[in-house]
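>>> Let me see the structure of the following:
(chains A, B, C and D)
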Protein chains: 4
Amino acid sequence: MPDTPPMNEILGADTPKNWGKWGPDDELGSLNYLTTDEIMRGVQTVRQGKVFTLMVHMGNPGGDPVWPGRRGAEKLMVMDEGTWQGENAPQFPGGLHYADDFVTAFLQGSTQYDALGHVWYDGEIYNGYPASSTIGGLNHASVLPIAERGIVGRGVLIDMARHRGKPSLDKGETFDHRDLEAAAEAQGVTLDRRSILVIRTGFIEYFYTVAASEFYDGFNEPGLTYSRELVEWFRDMEIPNLVTDTIANEVTYEPKTGAALPLHCALMRNLGVTFTEICRLDKLADDCAADGQWDFLYTAAPLKVVKGTGSPVNPVVIK
Amino acid sequence: MPDTPPMNEILGADTPKNWGKWGPDDELGSLNYLTTDEIMRGVQTVRQGKVFTLMVHMGNPGGDPVWPGRRGAEKLMVMDEGTWQGENAPQFPGGLHYADDFVTAFLQGSTQYDALGHVWYDGEIYNGYPASSTIGGLNHASVLPIAERGIVGRGVLIDMARHRGKPSLDKGETFDHRDLEAAAEAQGVTLDRRSILVIRTGFIEYFYTVAASEFYDGFNEPGLTYSRELVEWFRDMEIPNLVTDTIANEVTYEPKTGAALPLHCALMRNLGVTFTEICRLDKLADDCAADGQWDFLYTAAPLKVVKGTGSPVNPVVIK
Amino acid sequence: MPDTPPMNEILGADTPKNWGKWGPDDELGSLNYLTTDEIMRGVQTVRQGKVFTLMVHMGNPGGDPVWPGRRGAEKLMVMDEGTWQGENAPQFPGGLHYADDFVTAFLQGSTQYDALGHVWYDGEIYNGYPASSTIGGLNHASVLPIAERGIVGRGVLIDMARHRGKPSLDKGETFDHRDLEAAAEAQGVTLDRRSILVIRTGFIEYFYTVAASEFYDGFNEPGLTYSRELVEWFRDMEIPNLVTDTIANEVTYEPKTGAALPLHCALMRNLGVTFTEICRLDKLADDCAADGQWDFLYTAAPLKVVKGTGSPVNPVVIK
Amino acid sequence: MPDTPPMNEILGADTPKNWGKWGPDDELGSLNYLTTDEIMRGVQTVRQGKVFTLMVHMGNPGGDPVWPGRRGAEKLMVMDEGTWQGENAPQFPGGLHYADDFVTAFLQGSTQYDALGHVWYDGEIYNGYPASSTIGGLNHASVLPIAERGIVGRGVLIDMARHRGKPSLDKGETFDHRDLEAAAEAQGVTLDRRSILVIRTGFIEYFYTVAASEFYDGFNEPGLTYSRELVEWFRDMEIPNLVTDTIANEVTYEPKTGAALPLHCALMRNLGVTFTEICRLDKLADDCAADGQWDFLYTAAPLKVVKGTGSPVNPVVIK
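Below is the predicted model:
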């Protein structure tokens, strides 16, 4: 794609930004929209006492879905009942035994929250912090402030795969805010301001049904695609958090310019929209289709990793 | 402590067990008490729209509080703005940059949920699965079913440190169910059946105020201590989840017999009570003391680690 | 292979063993044959001042050759010149900069020495130590004593691939001690007692010329194959160390019985022959073919990993 | 040390350099001095058939000696006899069992070779490669070319601790080339051109005799100290390799200016002298003192880590 223009040309100098809106030291971005009113509005959606968790399995024997170049978590057993058959096993008064394990993992190698400073262009991350402040660890806009605050609000599921009558969207298949609104209307749910936007494409389920080679061949996930109008829609809707069942929350290569991940730039870096990626949404979607309730209390909190670029998370949805 | 009797003598052959109560294949234990009624009861406690997260920092520069023999998470930067100054940096169409990081960690090396199969004695783990089924990974009663389900219910904070007028309980200081009930009464909160029991000792805050050598010297955490009556109280109260700000949720060495961690055996292995350890509770406790609301909606979900003995977690409390 | 008999039947109760030959506490096995005389004999082979190193690359971008189930080393950069562009870079008086890196690796995931206690059957490892002594780390016959001693002696290269006129032996292709002697005679080198036996099959070079899927498909490495006579030949020849360019130093599945790796049992566990695996031998072989000198001073020392089951190594050959 | 001048002032613009001496693509530096003549000269020192290995233990239960900020290797057992008691243990035809382990380690966290590109100042590493070429891995002057070549030559041990009548030199204690020559004369050994210089201070042995807190308190290792004459001596002596029993091969802070590690700059970066650090030399030194032979064949080869900044190594000395 040698003639892809640079990101600042693609987005334009006057692309919408929320920098400074919550002060020069802000590291939370659009999560600031989740005020106590929004939290209470989320709580009021709970009517049935049903709970769903949105994380994929971590350390799946058949492999975990990850961005090319990363690998899934590797878990090693440190102690188990076998350990206690050995001559040097620890001895506790009373003789209890226990199991212990250890993991090596990319912090963004499973269902995860991105820090707002995870992606940038033109030498600045969210809120204008210099890109050099990412060196050695995110000194600003890391995942830690997000984890300290937690995310609680009204979530709405838009099932794009179901809306289009497919088990999963195709590689490179796109949709935009008008498609989201049409799907919401068809589902009978209101997609109003400050809702946590949860979008199902079916693409992570597709991962579990095919060989890894097929999944990664010509890697180009389906998803939202960049337009100026879409960015303005996100700004005006004050979307605090975008949650999807793809690895990167948007079509990998924007079809018109070929740019990789322009919405990470336009939404995350510029508007401060928090991204939650690699969710598993099929059980929730089946339930919403069955009972017709597509909104819910969404709660999640990534791990409090100091200076982290992101963190694994297991969001909890309550209907 | 050479004369500590074995755990089965300490607890007795007729010690209360919930094995089989939820079927021979159960891996959730007392979390089964969290029915839709209990979930709705938790939701109904939310009155203000306040949110608190209970995890400690992970990868704190000064060290993380962990059980002796484990170490805190080690985070390494894989990509940052420095990477993109190099001749071999990746090139994406449009030119975005991003940061990435990697962690090596004990799965129980931070705020965490224990799997029900984490601790055992006499060759059987929770629900009678053989201890040998822990070998190479927990084939039964791992943290995965807990993570799949998520924990949602009414939580109650009992602030034992505040009740005893101390910043933190002392090393080896104990309390029991009667103390919990007295503290609850003093706080003006009802500690009723099926509540998620959150206990503050102040001991994790103590970790952050002293040198590691002082914290670990003569290691003996304060906490609940074993008695037959206490176990029966947990059984009768149908406590689904015990959450504390200590590394192991109970006094390390039970004073009468010297046994290490008998409540892990009596409550977790035998009754199936889920343990959440190494929480940070000071902000929540200060808020509860200020507004007098000591109960709340407690939501948490550990990571979906396949065969995991436990998992880091960042619980979310909503008042 | 459901009718493969157990290893003790395959090898027989009277299979040759060197247990006790060097005392009940021995952990070095046939390396004991490398006396000062043998060391001097090795030194005397040096006539030209040529040096060869036998390790494969570690962390090769295209992947490293490893036993199925292991993975190659993963190297992460911790500090580099990019680090020093950050605001929190360390400051040393005088201002030097440095680079640092970190690795996660299987200790047997590259060219490596096996500890004598690496493989066993019937509940005992080399010299009769109980198999339970491997639990939590090799408490006996680990790689540490081998690393403390170092391996120095006369090495002889037998190029089986060249002898058979192939770039590499085929999957599952076998040879035995008579083939080694025939090849030695054809090469014009004496394969005498206490020589370090270095065998080239070309199979590791094959790894670097094909896709991983082809290399691992129907995994069955070429190599030496079990017979009672072969074991007696190793015993009588007092071979201290077997070095090859395959992952496991023998045909993976012995053709007659289907047994996996019986020579690990017969030679390593029973005779105490040290195994060096996954070497790269093409440059050495080309040189030997060119100058006609097939023997040399062989020196190697694995890392002194406490209780290690093996260790990466880079053997040095001097002609 | 706020008034320490920058390294280029301390060393001076005309400080001796070997850049370009072996061509613009050289990555081996002074190891080029180890020609076949030098290799044969090393071989000719072997008179007794004695072997010594110089590595420290890796994964010592009491901790490994490392530069502040690094940590020692962490070894985890992946498989052992306990594994084979489990229901999911692998099944091999014939039934062999094996042990396997895994390590996480800093590549420079044990006895190790530094890559020539490990340390720099003024934006250039050895031979004038840009410092930016270290980003993401050493693209030039990594440890790989050193590992490919191997190090073989005549080594000479200078026992500075013994020469000064101490078990180990004191923190911050210095010596220079005149001291080395005086010690050599006292030992009765010739320290001639192109010898591999092995220096014992006793400081690593000191590590094993005291608490870590004492070892690291006021961290300032003893060692060689910078002077223009010392650098010229190394240049004129054509020293290919400097091997010591300290973590960083020189006094940590040069006393006159306070500069950290100026010899890494003057010798490694500018002259291309290879550094081998954290060796254990007591057994070798005791033997040399006993038999009066202070020179030997030195052989070593770090691991072939692609783009590595350094690598663990276990040097082998033959007398």
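>>> What is the neighbour count of A:Y216?
13 (other C-beta atoms under 10 Å in any protein chain shown). In short, each C-beta sits where N, CA and C put it, glycine included.
>>> Repeat that for A:Y206.
Other residues close to A:Y206 by other C-beta under 10 Å number 23.
>>> pLDDT (mean, whole number) over stretch A:4-11?
Mean pLDDT, stretch A:4-11: 96.
>>> Run through who's touching that stretch.
Stretch A:4-11 is contacted by residues A:121-122, A:226, A:231, A:254, A:257-259, A:262, A:265-266, A:270, B:93-96 when judged by C-beta atoms under 8 Å, 6 or more residues apart in numbering or on different chains.
>>> again with stretch A:30-45
Against stretch A:30-45 from outside (C-beta under 8 Å, 6+ apart): A:18, A:21-22, A:26, A:146, A:149, A:151-155, A:194, A:238-241, A:271-274, A:293, A:295-298, A:319, B:43, B:46, B:48-51, B:297, B:318.
>>> list the contacts for the residue of the stretch 51-200 of chain A found nearest chain D?
Across the stretch 51-200 of chain A, the shortest distance to chain D (C-beta to the nearest C-beta) belongs to A:G82, at 2.0 Å. By C-beta under 8 Å, 6+ apart, the residues touching A:G82 are B:132, B:135-136, C:135, D:80-86.
>>> any chance you could map the helices in the stretch 101-250 of chain A?
A:143-149, A:160-163, A:177-187, A:203-207, A:212-216, A:228-237 (DSSP state H, counting those that start in this stretch).
>>> can I get those in a markdown table with distance to C:S168 and mean pLDDT?
Converted to a markdown table, the helices of the stretch 101-250 of chain A look like this (distance: least, C-beta to C-beta, whole Å; pLDDT from 0 to 100):
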| stretch | distance to C:S168 | mean pLDDT |
| --- | --- | --- |
| helix A:143-149 | 49 | 98 |
| helix A:160-163 | 48 | 98 |
| helix A:177-187 | 55 | 98 |
| helix A:203-207 | 36 | 98 |
| helix A:212-216 | 26 | 95 |
| helix A:228-237 | 56 | 98 |
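>>> closest one to chain C among the ones you listed?
Short answer: helix A:212-216, nearest of those by C-beta to the nearest C-beta, at 8.7 Å.
>>> Would you mind naming what in chain A lies close to chain D?
Chain A comes close to chain D at residues A:76-78, A:80-86, A:102, A:104, as judged by C-beta under 8 Å from any C-beta of the partner chain.
>>> now for these, which pair is the farthest apart?
A:Q85 and A:T104 (26.2 Å; C-beta to C-beta).
>>> Quick one: name the residues of chain A near chain C.
A:71, A:74, A:82-83, A:85-89, A:104, A:132-137, A:139.
>>> picking up where we left off before, wait, which of the contacts of A:G82 is closest to A:H163?
Out of the contacts of A:G82, the member with the shortest distance to A:H163 (by C-beta to C-beta) is B:G136, at 43.2 Å.
>>> if I pick the closest one, what's in contact with it?
Contacts of B:G136 (C-beta under 8 Å, 6+ apart): A:77, A:80, A:82, B:307, D:83, D:86, D:88-89.
>>> quick one on the thing from earlier: put the buried members of the residues of chain A next to chain C into a PyMOL selection.
Buried subset of those, written as a PyMOL selection, criterion 16 or more other C-beta atoms under 10 Å in any protein chain shown:
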select buried, chain A and resi 71+74+82+83+85+86+104+132+133+134+135+136+137+139
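>>> Could you tell me which of the residues of chain A next to chain C are located in strands?
Counting by DSSP state E, these place A:74, A:104 in strands.
>>> and the residue lying closest to A:F215 once chain neighbours are set aside, how many neighbours?
Among residues not flanking A:F215 along the chain, A:F207 sits closest, at 5.2 Å (C-beta to C-beta, 6 or more residues apart in numbering or on different chains). Applying other C-beta under 10 Å, we find 25 residues neighbouring A:F207.
>>> what about the longest strand in chain A?
Max-length strand for chain A by DSSP E is strand A:151-159.
>>> what about that one, distance to the chain center?
Relative to its chain's centre, strand A:151-159 lies at 12 Å (C-alpha atoms, centre = their mean, to the nearest Å).
>>> and it, which strands flank it?
Here strand A:151-159 has these sheet partners by DSSP bridges: strand A:196-200 (parallel), strand A:295-300 (antiparallel).
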